[in-house]
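[1] Below are the sequence and a predicted model for it; my questions follow.
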Amino acid sequence: MSRIGWLDCASGASGDMLLGALVAAGVPLDVLTHAVDAVAPEKIRLRPEKVVRNGLAATLVHVEGTDSKHHRTWADVRTLLDAADLPEPVRRSAHATFERLARAEARVHDTTPEAIHFHEVGALDAIADVVGVCAGLAHLGLDRLVVSPVAVGSGFVRAAHGRLPVPVPAVVELLAAAGAPSYAGEIDGTPVGELCTPTGAALLVTHASTYGPQPPMRVAAQGFGAGTRETPGRANAVRLLVGEPAPEVWTAETGAPGGGATFPGESTQLVVESNVDDLDPRVWPAVLARLLDAGAADAWLTPILMKKGRPAHTLAVLVDPDRYDEVCEVVFTQTPAIGVRSHAVRKRPLEREFRTLELPGGTVRLKVATYAGKVVNAQPEYDDVLALAERTGRPVKAVLAQAAAAAQQHL
Ligand SMILES: O=C([S-])c1cc(C(=O)S)c[n+]([C@@H]2O[C@H](COP(=O)(O)O)[C@@H](O)[C@H]2O)c1
Ligand code: NI
């Protein structure tokens with residue numbers, strides 16, 4: 001089963017906040033500790049603490065231990081990672097995270113990544129943050145991680161080189177290089193300090209599959225990872241949601257027709273489509289029939305001129321999200337299509353019922369649709385008209401005309 005995650009960075013992100021979010025969302029602490037132990041040359045302890053940030057329960061992971069070295073070069077960090085007994089995906093993502101940090105620092109300080117001496121970010125606790133977060137995310141085995149636009153903060157922060165403007169230059173470089181959306185995240189125009197740190201930004205851009213709001217998903221776990229600071233007016237915490245992807249749904253933002261007003265029977269359905277140019281056209285009626293049998297609400301073909309000027313058809317299927325798998329199975333097994341695309345649509349059905357028309361020689365069902373309590377449509381079922389015409393030996397057009405005339409009395 002596919003698994004996705006969403007990181008809500010409305011209060012920014014740092015290495016320790018991300019560690020906390022992973023633990024709070026259910027990643028066993030051992031997973032993080034083992035990875036950190038494998039890399040750190042001196043004992044580092046991860047100590048989770050349950051805290052409350054602006055009324056929200058969150059996990060703060062303290063990274064504790066002594067570090068006899070004051071700064072490390074990118075080569076020093078690389079040597080530690082290369083020598084560590086780490087699963088390859090964790091080593092690769094930790095490596096990629098530090099490489100991005102080194103490049104960003106190099107651009108800011110007008111030097112090369114190899115010449116960069118990490119100060120804060122090269123300390124053992126920062127190495128623990130990076131390796132722990134990489135191990136935690138690898139443990140979740142996400143198929144996709146969506147990262148919200150990142151609140152970076154505003155004002156100034158004190159660092160090894162003195163006062164730095166927020167967003168700090170390395171964060172700007174990291175987010176810019178990845179094309180990640182960001183904003184100040186101020187409350188009422190008041191400077192809020194540093195919300196996103198270079199380590200946090202490097203971890204986000206290394207792991208993000210894409211950026212945006214929470215994707216349609218069935219959430220299985222939610223975890224808030226706290227930062228050390230208490231910030232007035234907001235929970236200083238990054239939030240991780242983990243779950244299964246769900247079909248797209250209409251929201252107030254995506255704008256359901258009618259502004260999302262409710263209507264009896266209105267629902268979100270999927271239109272599943274595929275362009276097909278290599279099915280014997282005689283097979284299509286059987287395909288459409290099987291799609292309806294599989295639970296499709298409707299299925300139809302549109303003639304198209306495809307790439308390379310090929311005459312083809314778009315097969316389109318309207319289906320309730322619950323029957324999506326069944327419909328895909330029919331498409332994949334009954335046609336040569338090797339993929340489908342789908343989008344959500346809003347379906348507004350009228351209430352309908354069947355009545356019976358008594359006609360010479362037999363009966364015909366009449367489909368009656370009502371709107372606002374009034375009958376607005378009364379249509380004889382054509383299959384019944386055809387069957388009656390065949391049974392009585394009369395022309396189909398004559399039976400149809402009689403049925404249509406009888407239907408008038410129901411309108
Ligand atoms: O040490 C250096 S060179 C340094 C550079 C920058 C730049 O943006 S350039 C920022 N900082 C600050 O260090 C701390 C720690 O960052 P972590 O990512 O390790 O949490 C943070 O306040 C940075 O803004 C340091
Ligand atoms: Ni710097």
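    That came through fine. Ligands and ions are numbered 1, 2, ... in the order given.
[2] Any regions of the stretch 201-350 of the chain where pLDDT drops low?
    For the stretch 201-350 of the chain, the stretches with pLDDT under 70 are 247-263.
[3] Spell out, range by range, the helices that occur in it.
    284-293, 324-334 (DSSP state H, counting those that start in this stretch).
[4] between these, which gets nearest to ligand 1?
    Closest to ligand 1 of the helices of the stretch 201-350 of the chain is helix 324-334 (Cβ to the nearest ligand atom; 42.4 Å). To be clear about C-beta, it is placed using only N, CA and C from the backbone, and glycine gets the same treatment.
[5] in that closest one, what's buried?
    324, 327-328, 330-331, 334 (16 or more other Cβ atoms under 10 Å).
[6] again with stretch 181-193
    Neighbour-count burial for stretch 181-193 flags 182, 184-185, 192 (criterion: 16+ other Cβ under 10 Å).
[7] cool, stretch 349-368 as well?
    For stretch 349-368, by 16+ other Cβ under 10 Å, it's 357, 359, 364-366, 368.
[8] So which of those residues belong to strands?
    The strands, defined by DSSP state E, take in 357, 359, 364-366, 368 from the buried residues of stretch 349-368.
[9] Need the max-distance pair from those.
    Leu359 and Val368 (16.3 Å; Cβ to Cβ).
[10] Without its sequence neighbours, what residue ends up closest to Leu204?
    Val147 (5.2 Å; Cβ to Cβ, 6 or more residues apart in numbering).
[11] quick one: the one you found and ligand 1, what's the gap?
    Separation of Val147 from ligand 1 (Cβ to the nearest ligand atom, to the nearest Å) stands at 16 Å.
[12] do Pro181 as well
    Counting by Cβ to the nearest ligand atom, the gap from Pro181 to ligand 1 is 19 Å.
[13] Not counting sequence-adjacent ones, nearest residue to that residue?
    Pro181 sits nearest to Pro149 (Cβ to Cβ, 6+ apart), 4.0 Å away.
[14] Likewise for Leu137?
    His207 (5.6 Å).
[15] Quick check: end-to-end length of stretch 49-67?
    Its first and final residues considered, stretch 49-67 spans 22 Å by Cα to Cα, to the nearest Å.
[16] quick one: that stretch to chain centroid distance?
    Chain-centre distance of stretch 49-67: 28 Å, with Cα atoms, centre = their mean, to the nearest Å.
[17] Count the residues that sit near the residue nearest to Leu204.
    The tally of other residues near Val147 (other Cβ atoms under 10 Å) stands at 24.
[18] residues in contact with it?
    Neighbouring residues of Val147 by Cβ atoms under 8 Å, 6 or more residues apart in numbering: 6-7, 9, 180, 204, 207-208, 210-211.
[19] That one pairs with what?
    Leu7, Tyr211 (DSSP bridges).
[20] Can you tell me how far it is from Ala180?
    7 Å (Cβ to Cβ, to the nearest Å).
[21] shared neighbours of those two, which are they?
    Joint contacts of Val147 and Ala180 (Cβ under 8 Å, 6+ apart) are 204, 208, 211.
[22] Turn the residues you listed into TSV, columns for neighbour count.
    Listed next are the shared contacts of Val147 and Ala180 as TSV, based on neighbours: other Cβ atoms under 10 Å:
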residue	neighbour count
Leu204	29
Ala208	20
Tyr211	20
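[23] Specify which member of the residues you listed is nearest to Phe98.
    Looking across the shared contacts of Val147 and Ala180 and measuring by Cβ to Cβ, the closest to Phe98 is Leu204, at 14.2 Å.
[24] OK, contacts around the closest one?
    7, 9, 13, 147, 150, 180, 196.
[25] which ones among those residues are found in helices?
    Counting by DSSP state H, no part of the contacts of Leu204 is found in helices.
[26] Please tell me which one of the residues you listed counts the most neighbours.
    Ala13 (32 neighbours).
[27] quick one: the helix or strand hosting His139 near ligand 1?
    Here His139, judged by DSSP states H and E, is contained in helix 124-140. Yes. Using Cβ under 6 Å from any ligand atom, helix 124-140 reaches ligand 1 at Ala126.
[28] Kindly format the C-alpha coordinates of that helix as PDB.
    The C-alpha trace of helix 124-140 is given here as PDB (Å, rounded to 0.1, in the frame of the first residue of the first chain):
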ATOM      1  CA  LEU A 124      27.800  16.700  16.400                       C
ATOM      2  CA  ASP A 125      24.200  17.600  17.400                       C
ATOM      3  CA  ALA A 126      23.600  18.900  13.900                       C
ATOM      4  CA  ILE A 127      25.000  15.700  12.400                       C
ATOM      5  CA  ALA A 128      22.700  13.800  14.800                       C
ATOM      6  CA  ASP A 129      19.700  15.900  13.500                       C
ATOM      7  CA  VAL A 130      20.500  15.200   9.900                       C
ATOM      8  CA  VAL A 131      21.200  11.500  10.300                       C
ATOM      9  CA  GLY A 132      18.300  10.900  12.700                       C
ATOM     10  CA  VAL A 133      15.800  12.600  10.400                       C
ATOM     11  CA  CYS A 134      17.100  10.800   7.300                       C
ATOM     12  CA  ALA A 135      16.800   7.500   9.200                       C
ATOM     13  CA  GLY A 136      13.300   8.300  10.500                       C
ATOM     14  CA  LEU A 137      12.000   9.300   7.000                       C
ATOM     15  CA  ALA A 138      13.600   6.200   5.500                       C
ATOM     16  CA  HIS A 139      11.900   4.100   8.200                       C
ATOM     17  CA  LEU A 140       8.500   5.500   7.200                       C
END
